[in-house]
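S.K.: Any chance you could fold what I've pasted below:
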Amino acid sequence: MSSVRVQVSCIAVRDGKIAMIKKLNPAYKTYGLFIPPGGHVELTETIEEACVREMREETGLEVSGLNMVGVITFLNNQADYHSVAFLMLAREVIGTLSTTEAEKQTAHWVELDGIGSNEKVPGYHRDFLDHIFNRRGFLNARVEWLPPYNQAKWTIVDCTTETAAGIAAYINE
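M.R.: The predicted model follows:
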């Protein structure tokens, strides 16, 4: 198996909407769907620096006041892929949403109200956002693509009540 990759997934909310990207390459499992901006952490980069860079590259937005709200393990044994993504929630989001890498993806504001039933958002992202915004607990999740049809299966590991209470206090400050 190849090495484990480190990723960030950035959650930026403003005016009741979340910044999302839509991948344009049909080779991606999330092709044509809305997902949070993010990507791989580069050599010598911190998780926070990667989140700021990815948001700027993929949406044109500037984010700050980052807080880690979860971690997701992505596994695909058939593709020899293992990645760990840290979910970062931005307390401040400034700028105008723009598509800065038009050959790769488009950037969009998606209404948070009703996102749990938005079929254009992958089921696992709907569940993860629900966990973060409604349960107020640290997200510890796993997404695995299983044979024979490479379907995604995901699980959320519940956090302790103390951890959930601490995150709720932080988010609600």
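
S.K.: Remind me what the longest helix along the chain packs against, helices and strands.
M.R.: Longest helix in the chain by number of residues, with DSSP state H as the criterion: helix 47-59. Here helix 47-59 touches strand 5-11, strand 17-23, strand 38-40, strand 62-76, strand 81-94, strand 105-111, going by 3 or more CB pairs under 8 Å, 6 or more residues apart in numbering; DSSP states H and E. Just so you know, the C-beta spots here come from the backbone N, C-alpha and C atoms, and that holds for glycine as well.

S.K.: Go again with 7 Å.
M.R.: strand 5-11, strand 17-23, strand 62-76, strand 81-94, strand 105-111 (3 or more CB pairs under 7 Å, 6 or more residues apart in numbering; DSSP states H and E).

S.K.: Now do it and strand 81-94, the angle between them.
M.R.: 80 degrees (axes from the mean of the first three to the mean of the last three CA atoms, to 10 degrees).

S.K.: Report the distance from helix 47-59 to the chain centre.
M.R.: 12 Å (CA atoms, centre = their mean, to the nearest Å).

S.K.: in this protein, what secondary structure element scores lowest on mean pLDDT?
M.R.: Lowest by mean pLDDT, DSSP states H and E among the helices and strands of the chain is helix 161-171, with a mean of 50.

S.K.: what stretches of the chain score poorly on pLDDT?
M.R.: Within the chain, the stretches with pLDDT under 70 are 1, 136, 158-173.

S.K.: buried set for stretch 134-151?
M.R.: For stretch 134-151, a neighbour-count test (16 or more other CB atoms under 10 Å) marks 136, 137, 138, 139, 140, 141, 142, 143, 145 as buried.

S.K.: same check, this time on stretch 91-107
M.R.: Those buried within stretch 91-107 under the rule 16+ other CB under 10 Å are 93, 97, 99, 105, 106, 107.

S.K.: Tell me the one of the residues you listed nearest residue 21?
M.R.: residue 105 (4.4 Å; CB to CB).

S.K.: for the closest one, which residues make a bridge with it?
M.R.: When bridges are called by DSSP bridges, residue 105 pairs up with residue 23.

S.K.: on that earlier part again, in TSV: the buried residues of stretch 134-151, plus distance to residue 38.
M.R.: Putting those into TSV (distance: CB to CB, whole Å) gives the following:
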residue	distance to residue 38
136	21
137	20
138	18
139	14
140	17
141	14
142	17
143	14
145	18
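
S.K.: Among the residues you listed, which pair sits farthest apart?
M.R.: Farthest pair in the buried residues of stretch 134-151, by CB to CB: 136 and 145, 28.9 Å.

S.K.: Can you tell me which of the buried residues of stretch 134-151 lies closest to residue 74?
M.R.: Nearest to residue 74 among those, with distances taken as CB to CB, is residue 143, at 5.1 Å.
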